[in-house]
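Trainee: Dropping the sequence and predicted coords here.
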Amino acid sequence: MAALDSFDIIEGVILCTTAQNHLKIAKKSLDKIKIFNKFNIISNGCVIGVIKKNNINKAGLNLNEVKEIMKELTNNLKSVNVPEAIIVKNTLLRIDLFFDNYFVDFLLMQSKINDLQIECKRGINIIENVKNILISIKVNQ
């Protein structure tokens with residue numbers, strides 16, 4: 001492993017922390033989507049649908065931000081093994097817009113939301129590991 005200077009390590013830790021924060025925000029948005037999705041099934045209300053779509057967009061934006069941060073982290077820290085970013089697909093929004101019915105909302109959307117929540121938790125843990133590696137390199141310098 002090539003030596004990293006202090007600036008690279010500090011920048012890497014900051015990028016990791018920022019990525020984790022975006023993942024936490026995305027996870028909260030996914031939690032809200034899950035709740036509003038259940039209400040949308042029961043009420044089929046357009047206000048709830050708008051709130052749900054806003055949270056879908058918010059989760060997507062935060063997950064895309066994580067993807068960009070991980071690219072930057074990978075480029076800056078070539079000597080540290082940085083895992084690939086979570087691949088974000090906008091399938092939630094497409095599914096919800098074109099197939100707004102009970103079956104899709106309950107089965108397909110809930111399943112996709114659950115999968116993304118698991119990926120967010122996994123991403124937070126992976127990034128925490130990278131951050132700990134960077135901190136241990138800094139301490140041992």
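Mentor: Received, thanks.
Trainee: Where in this protein is the helix or strand with the lowest mean pLDDT?
Mentor: The helix or strand of the chain with the poorest confidence is helix 91-98; it has a mean of 46 (mean pLDDT, DSSP states H and E).
Trainee: what about the lengthiest helix in the chain, average pLDDT?
Mentor: Across the chain, the helix with the greatest residue count (assigned by DSSP state H) is helix 6-43. When pLDDT is averaged over helix 6-43, the result is 84.
Trainee: Check which helices and strands that helix sits against.
Mentor: helix 46-76, helix 110-140 (3 or more C-beta pairs under 8 Å, 6 or more residues apart in numbering; DSSP states H and E). Where C-beta positions appear, they are placed from N, C-alpha and C, glycine not excepted.
Trainee: closest to Gly12 out of the ones you listed?
Mentor: Closest approach to Gly12 among the helices and strands packed on helix 6-43 is made by helix 110-140 (4.7 Å; C-beta to C-beta).
Trainee: For Pro83, give me the pLDDT.
Mentor: As predicted, Pro83 sits at a pLDDT of 57.
Trainee: Same question for Val80.
Mentor: Val80 carries a pLDDT value of 62.
Trainee: what's the answer for Ala59, then?
Mentor: pLDDT for Ala59: 87.
Trainee: The nearest residue to it once chain neighbours are set aside: how many residues sit nearby?
Mentor: Setting aside the residues directly before and after it, Ala59 is nearest to Ser29 in space (C-beta to C-beta, 6 or more residues apart in numbering), at 3.8 Å. By other C-beta atoms under 10 Å, 23 other residues sit near Ser29.
Trainee: go on, Ala59?
Mentor: The criterion is other C-beta under 10 Å. On that basis, Ala59 has 27 neighbouring residues.
Trainee: Contact partners for it?
Mentor: 26, 29-30, 33, 92, 116 (C-beta atoms under 8 Å, 6 or more residues apart in numbering).
Trainee: if you set the cut-off to 10 Å instead, what comes out?
Mentor: Taking C-beta atoms under 10 Å, 6 or more residues apart in numbering, we find Ala59 in contact with 22, 25-33, 88, 92-93, 113, 116-117, 120.
Trainee: What's the ChimeraX syntax to select whichever of those residues are buried?
Mentor: Buried residues among the contacts of Ala59 (16 or more other C-beta atoms under 10 Å), as a ChimeraX selection:
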select :22,25,26,27,29,30,32,33,88,92,113,116,117,120
